[in-house]
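>>> sequence and computational prediction follow.
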Amino acid sequence: MTYCVGMRLDHGLVFLSDSRTNAGVDQVGSFRKMSVFENPGDRMMVLMTAGNLSISQSIRELVSEHVSEDGRSIWNAPNMYEAARILGEAVRSIHQRDAKALADFGIDFNVSMIFGGQIKGERCRLFQIYSAGNFIESHNENTYFQIGEAKYGKPILDRVVTPATTLDEAAKCALISMDSTLRSNVSVGLPLDLLVYQNNSLAVSRFVTIDEKNQYFQMIRSSWGQQLKTIFEGIADPVWNAQPEAGDNVLSSANRQSAPVRVALPENLSASVNLDAAPLQSLAQQFTHAQH
């Protein structure tokens, strides 16, 4: 499994990927999931992949070398949309070549990709490409894409990232998103590849491979957990069965009682409970009379 996130922002692009690959509980490997297609001054494109590793690697190699009959390739595509189409065609080509053979061995054709970058003459663009070779593009309403084990790292992205987020803030948010995933899922692991691209650079702006010794990532891992705990402890406990005028933090009100859906006791069990309760009730009554 893996986790990758790509963001398209007003100031550029941010890409983050892990390197964990699992073929079983005792077959864990590290394979880098991020590939850069760069011709400085003309184009800078990033591909991140999740799913079957052999399929991903085949697609990457095909798209890096393939030239169509009319001379089109990812290296001369006039815009990012055409580059994404070429990548989708490579996915379908590998599917046509390998899907049946994989199916004969019970293996699904499973691949998903995030592809983004900038070609000279147009803005930065970001795409998510599926197993069928079709794709969607990021817009301001959805400024990021995730692939792989996405659910653990999604909440922080939804709360923080907007098109106006700065590149450094977005990189920090991506690393927190990754840390949340690393803590909750053993199928995602270090080292990480982080690439930050500034608008109109047409070359890689900033890149780092992050391992367990990286100082900044270790700070993120420790301080994020501590800050979350501090914020959690600062939120008031709920007030139960409060009076209407109780004020804030009321979870349940005395004048608005609620009850769970209770399943009726079976008749034989109900009768048994009543029989057991009778001697206790008699004893309680005798005790009450004795006190008076």
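Here it is on my side, so go on. Numbers count the residues shown, from 1 in each chain.

>>> from Ser30, how far off is Arg97?
The gap separating Arg97 from Ser30 is 27 Å, by Cβ to Cβ, to the nearest Å. The C-beta positions use only the backbone N, C-alpha and C, and glycine is treated the same way.

>>> and for Gln96?
Counting by Cβ to Cβ - Gln96 and Ser30 are separated by 30 Å.

>>> likewise for Lys151?
Taken as Cβ to Cβ, the span from Lys151 to Ser30 is 23 Å.

>>> residue contacts, the closest residue to Gly117 other than its chain neighbours?
Distances taken as Cβ to Cβ, 6 or more residues apart in numbering put Met45 closest to Gly117, at 3.4 Å, once the chain neighbours are dropped. By Cβ atoms under 8 Å, 6 or more residues apart in numbering, Met45 lies in contact with 36-38, 74, 80, 83, 115-119.

>>> just the ones of these in strands?
36-38, 115-119 (DSSP state E).

>>> I'd like to know which of those are buried.
36-37, 115-119 (16 or more other Cβ atoms under 10 Å).

>>> within the helices and strands, which one has Val196?
Taking DSSP states H and E as the definition, one finds Val196 inside strand 192-198.

>>> over to Ile94?
Per DSSP H and E, Ile94 falls inside helix 80-104.

>>> go through the ones in strands among the contacts of Met45 and name the one nearest Arg256.
Nearest to Arg256 among these is Gly116, at 50.6 Å by Cβ to Cβ.

>>> so how far is Gly247 from that closest one?
Per Cβ to Cβ, Gly116 is found 50 Å from Gly247.

>>> likewise for Leu195?
From Leu195 to Gly247 the distance is 50 Å (Cβ to Cβ).

>>> neighbour count winner among the two?
Leu195 (21 against 9; other Cβ atoms under 10 Å).

>>> how about the contacts made by the more buried one?
Contacts of Leu195 by Cβ under 8 Å, 6+ apart are 13-16, 34, 36, 46, 204, 206-207.

>>> equivalent analysis for Arg85, please.
Ala77.

>>> residue boundaries of the strands in the protein?
Under DSSP E, the chain gives strands at 3-9, 12-17, 20-22, 28-30, 34-39, 43-51, 111-119, 125-129, 135-137, 144-148, 192-198, 206-210.

>>> got CSV for those strands, with mean pLDDT and distance to Tyr216 too?
CSV is the format used below for the strands of the chain (pLDDT from 0 to 100; distance: least, Cβ to Cβ, whole Å):
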stretch, mean pLDDT, distance to Tyr216
strand 3-9, 98, 17
strand 12-17, 98, 13
strand 20-22, 78, 20
strand 28-30, 79, 20
strand 34-39, 98, 18
strand 43-51, 97, 21
strand 111-119, 98, 23
strand 125-129, 98, 24
strand 135-137, 98, 31
strand 144-148, 97, 21
strand 192-198, 98, 10
strand 206-210, 97, 8
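
>>> so which of those strands is nearest Ala264?
Using Cβ to Cβ, the nearest of these to Ala264 is strand 144-148, at 45.6 Å.

>>> near the closest residue to Leu102 other than its chain neighbours, how many other residues are there?
With sequence-adjacent residues excluded and distances taken as Cβ to Cβ, 6+ apart, Leu102 is closest to Phe109, at 6.0 Å. Close neighbours of Phe109, defined as other Cβ under 10 Å, add up to 17.

>>> next: Gly6.
29.

>>> Tyr144 is in contact with that one, correct?
Yes: the pair Gly6 / Tyr144 is scored as a contact, 6.5 Å apart, by Cβ atoms under 8 Å.

>>> what do those two both touch?
Going by Cβ under 8 Å, 6+ apart, residues that sit against Gly6 and also against Tyr144 are Ser138.
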